[in-house]
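A.B. asks: Next input, structure requested:
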Amino acid sequence: MPLHRFFADDIRALRQGAAAFEPGSERERTARLADRAARSALPVLIETEAGSGAKALAQAIHEGSERKARPFIVFRAEEAASGGEPQATALLRNIRNAHGGTLFINDAGHLPQDAQGRLMEALFPQEGARPARRLDVRIIASAGFDLADRVREASFRHDLYYRLQAMPLALRPLRAQREAIAEWASLFAERFAQDEGKTIRGLSADALTLLTRYDWPGNLRQLENAIYRAVILADGAFLTPSEFPQIAARVDGFRIAIPPVPAARILAPIREQESSAPADPHALSLVRESGEMLTLAELEERAIRFALVHYQGHLSAISRHLGIGRSTLYRKLKELGLNDAAA
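C.D. replies: Below is the predicted model of the structure:
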């Protein structure tokens, strides 16, 4: 399930008065700010760290706004810079494509000066200026918490900064909201278990302690990927520290224990044309619990999801080891709703 659906569900539940989160929790705070942003036409600046879900939150705000039927366009400054097209030109093209909808500028702090100027001219024309075409675009941008420092260093325009900050919204890193880790982990586990057709009742107390004690440098995206991997590997009714070996290796006091293959699976009769299920926990199964083989499309999706976790969202490494081009990988991530999982 794409991450933005979790944010969108929280906004919808808040509006319907059926929110499941605790009053005063981080989820409630974020949902209320996002709801307020969705009801407004003002630019939004999401200050956060990488992996905190800024793009997902921006998409949820768009879907909760009056522009939801219009385009939601994502502009990634670093990708535009590596594509050979001048960033200012690429930015203007994306602004035009987002006409009537929302343009999300990922990591706006890395926009070069000429692109910053083009953005100001196109969306915030000076009094008396008459642009050839009136652009109706709602801007949502993300930036690191150091954007104010960039303004002071004159690497980011102060007038653009104050325009974007008309409605500021901060997404705190997971290490600063440890009380929310268990809640997010349980949500992810429930949804991924449904997607994979597994009966998982939740996380064990030890697993929740482990996840809460870890600092999560990759924030919400890393937690989401870790839970997905755990659900894929799980054989029991609860996720335990054994399903999080890479996390346990970085937290004092936890032993890394890979659970053995269940006896029922070892003793099950195997037809001559079928291969046995591998004991390696990093291997992906070719069959469902029903015994039916997965389709090639399902296998490809699982391989891509696993690679996102294994290579921590680094697209160059993923495309190289999967043997596909970077542009093909971008397309497949978009089709699977995994854009926000890429580093």
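A.B. asks: Next, please give the residue ranges for the strands of the stretch 1-150 of the chain.
C.D. replies: Per DSSP state E, counting those that start in this stretch, the stretch 1-150 of the chain carries strands over the ranges 44-47, 72-76, 102-106, 138-143.
A.B. asks: So which of these is nearest Thr295?
C.D. replies: With Cβ to Cβ, the closest approach to Thr295 among these belongs to strand 72-76: 28.8 Å. To be clear about C-beta, it is placed using only N, CA and C from the backbone, and glycine gets the same treatment.
A.B. asks: Direction included, what does that closest one pair against?
C.D. replies: Take DSSP bridges as the rule and strand 72-76 pairs in its sheet with strand 102-106 (parallel).
A.B. asks: can you give me the angle the partner strand makes with strand 138-143?
C.D. replies: 10 degrees (axes from the mean of the first three to the mean of the last three Cα atoms, to 10 degrees).
A.B. asks: For the strands of the stretch 1-150 of the chain, give me a markdown table that also has distance to Arg229, mean pLDDT and mean neighbour count.
C.D. replies: As requested, the strands of the stretch 1-150 of the chain are exported to a markdown table (distance: least, Cβ to Cβ, whole Å; pLDDT from 0 to 100; neighbours: other Cβ atoms under 10 Å):
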| stretch | distance to Arg229 | mean pLDDT | mean neighbour count |
| --- | --- | --- | --- |
| strand 44-47 | 27 | 96 | 24 |
| strand 72-76 | 25 | 93 | 21 |
| strand 102-106 | 25 | 95 | 25 |
| strand 138-143 | 26 | 94 | 26 |
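A.B. asks: Leu174 is nearest to which of those?
C.D. replies: Short answer: strand 44-47, nearest of the strands of the stretch 1-150 of the chain by Cβ to Cβ, at 15.3 Å.
A.B. asks: Quick one: closest of the strands of the stretch 1-150 of the chain to Ala180.
C.D. replies: Among these, the nearest to Ala180 by Cβ to Cβ is strand 44-47 (16.8 Å).
A.B. asks: And the closest one, what does it pack against?
C.D. replies: helix 54-63, strand 138-143, strand 167-170 (3 or more Cβ pairs under 8 Å, 6 or more residues apart in numbering; DSSP states H and E).
A.B. asks: Please convert these to JSON lines, extending it with distance to Pro125.
C.D. replies: Formatted as JSON lines, the helices and strands packed on strand 44-47 follow (distance: least, Cβ to Cβ, whole Å):
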{"stretch": "helix 54-63", "distance to Pro125": "23"}
{"stretch": "strand 138-143", "distance to Pro125": "14"}
{"stretch": "strand 167-170", "distance to Pro125": "20"}
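A.B. asks: So for Arg5, which of those sits nearest?
C.D. replies: Here helix 54-63 is closest among the helices and strands packed on strand 44-47 (Cβ to Cβ), at 7.8 Å.
A.B. asks: mind checking which helix or strand of the protein has the lowest mean pLDDT?
C.D. replies: Lowest on mean pLDDT, DSSP states H and E among the helices and strands of the chain sits helix 263-267, with a mean of 44.
A.B. asks: May I have the helix or strand following that one as PDB, with CA atoms only?
C.D. replies: Of the helices and strands lying after helix 263-267 in sequence (DSSP states H and E), the nearest is helix 296-310. C-alpha atoms of helix 296-310 as PDB (Å, rounded to 0.1, in the frame of the first residue of the first chain):
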ATOM      1  CA  LEU A 296       6.000 -13.200 -13.200                       C
ATOM      2  CA  ALA A 297       4.500  -9.800 -12.400                       C
ATOM      3  CA  GLU A 298       4.200 -10.700  -8.700                       C
ATOM      4  CA  LEU A 299       7.700 -12.100  -8.600                       C
ATOM      5  CA  GLU A 300       9.100  -8.900 -10.200                       C
ATOM      6  CA  GLU A 301       7.200  -6.700  -7.700                       C
ATOM      7  CA  ARG A 302       8.600  -8.800  -4.800                       C
ATOM      8  CA  ALA A 303      12.100  -8.600  -6.200                       C
ATOM      9  CA  ILE A 304      11.900  -4.800  -6.600                       C
ATOM     10  CA  ARG A 305      10.500  -4.400  -3.100                       C
ATOM     11  CA  PHE A 306      13.200  -6.600  -1.600                       C
ATOM     12  CA  ALA A 307      15.900  -4.700  -3.500                       C
ATOM     13  CA  LEU A 308      14.600  -1.400  -2.200                       C
ATOM     14  CA  VAL A 309      15.200  -2.700   1.300                       C
ATOM     15  CA  HIS A 310      18.400  -4.600   0.600                       C
END
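A.B. asks: For whichever helix or strand comes after helix 296-310, what is the distance to the chain centroid?
C.D. replies: The helix or strand immediately downstream of helix 296-310 is helix 315-322, counting by DSSP H and E. Centroid displacement of helix 315-322 relative to its chain, using Cα atoms, centre = their mean, to the nearest Å, is 19 Å.
A.B. asks: elements contacting the following helix or strand past helix 315-322?
C.D. replies: From helix 315-322 onward toward the C-terminus, using DSSP H and E, the following helix or strand is helix 326-335. Applying 3+ Cβ pairs under 8 Å, 6+ apart, we find helix 326-335 packed against helix 296-310, helix 315-322.
A.B. asks: Relative to Ala34, how far out is the spatially closest residue to Arg250 that is not a sequence neighbour?
C.D. replies: Of all residues not flanking Arg250 in the chain, Tyr214 sits nearest, at 6.5 Å (Cβ to Cβ, 6 or more residues apart in numbering). Look at Tyr214 and Ala34: by Cβ to Cβ, to the nearest Å, they are 26 Å apart.
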